[in-house]
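Chemist: Fold the following for me, if possible:
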Amino acid sequence: MTEATVIGEKILGVDPGLNITGYGVLEITAAGPKLTEGGVIRGGKDRSLEARLCELYAGLNEVLDAFQPAAMAIEELYSHYERPRTAILMGHARGVLCLAAAQRQIPIRHYASTQVKRMLTGNGRAPKVQMQLAICQELGLAAPPEPADVADALAIALCHHHLGRKVA
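Modeler: Sure thing, here's the model as predicted:
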């Protein structure tokens, strides 16, 4: 389970990727979660694995320095059985992202994409469009955040917030 979220705290949601990692920062207010920041960290598609991992690590450290979240919520690893190499590469990316948060003693919670989708839409297999509409509704946004990696990260942060409220 997760700890309850507290007014004034920030939650960092992370959609990990080796090329593009989306992140979204929510601040918990009395009126509900409020979008503070959303963006991407680019690993660089044509760079070595080591260089990409260094870029992800440095980029997340910048986000952690700037926003000092109370918790980080990150998407669990998922890969189709026909592409085990993808799972291994994604494991590297998730590893350095988790390391950055763990070095600061920031609690990390892991959520399956189906859990995030079910929490926000009631459907664990909701399409991206439905997820983006749910994010817009929850955060009072006129348009979905771009690119989609940012919207996914915000969905993960929202899931963490909603699960935290159930514990309180």
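
Chemist: Next up, the contacts around Leu77.
Modeler: Residues touching Leu77, when contacts are defined by Cβ atoms under 8 Å, 6 or more residues apart in numbering, comprise Ala87, Met90, Gly91, Arg94. Just so you know, the C-beta spots here come from the backbone N, C-alpha and C atoms, and that holds for glycine as well.

Chemist: so how far is Glu62 from it?
Modeler: 24 Å (Cβ to Cβ, to the nearest Å).

Chemist: Just the buried ones out of the contacts of Leu77, please.
Modeler: The neighbour-count criterion (16 or more other Cβ atoms under 10 Å) marks Met90, Arg94 among the contacts of Leu77 as buried.

Chemist: Looking at the contacts of Leu77, which is nearest Cys54?
Modeler: Nearest to Cys54 among those: Arg94, at 15.2 Å, using Cβ to Cβ.

Chemist: Okay, buried residues for the lowest-mean-pLDDT helix or strand in the chain please.
Modeler: The helix or strand of the chain with the poorest confidence is helix 148-167; it has a mean of 89 (mean pLDDT, DSSP states H and E). Along helix 148-167, the positions that meet the burial threshold by neighbour count (16+ other Cβ under 10 Å) are 149-164.

Chemist: List just the nearest of these to Gln137.
Modeler: If you rank the buried residues of helix 148-167 by distance to Gln137 using Cβ to Cβ, Leu158 comes first, at 10.5 Å.

Chemist: Surely that closest one and Lys34 touch.
Modeler: No. With contacts counted by Cβ atoms under 8 Å, Leu158 stays clear of Lys34, the gap being 11.3 Å.

Chemist: if I look at the two, which residues touch both of them?
Modeler: Taking Cβ under 8 Å, 6+ apart as the contact definition, Leu158 and Lys34 share the neighbouring residues Leu26, Leu139.

Chemist: in the chain, which spans are helices?
Modeler: Secondary structure of the chain by DSSP state H: the helices cover 49-67, 84-102, 113-121, 128-139, 148-167.
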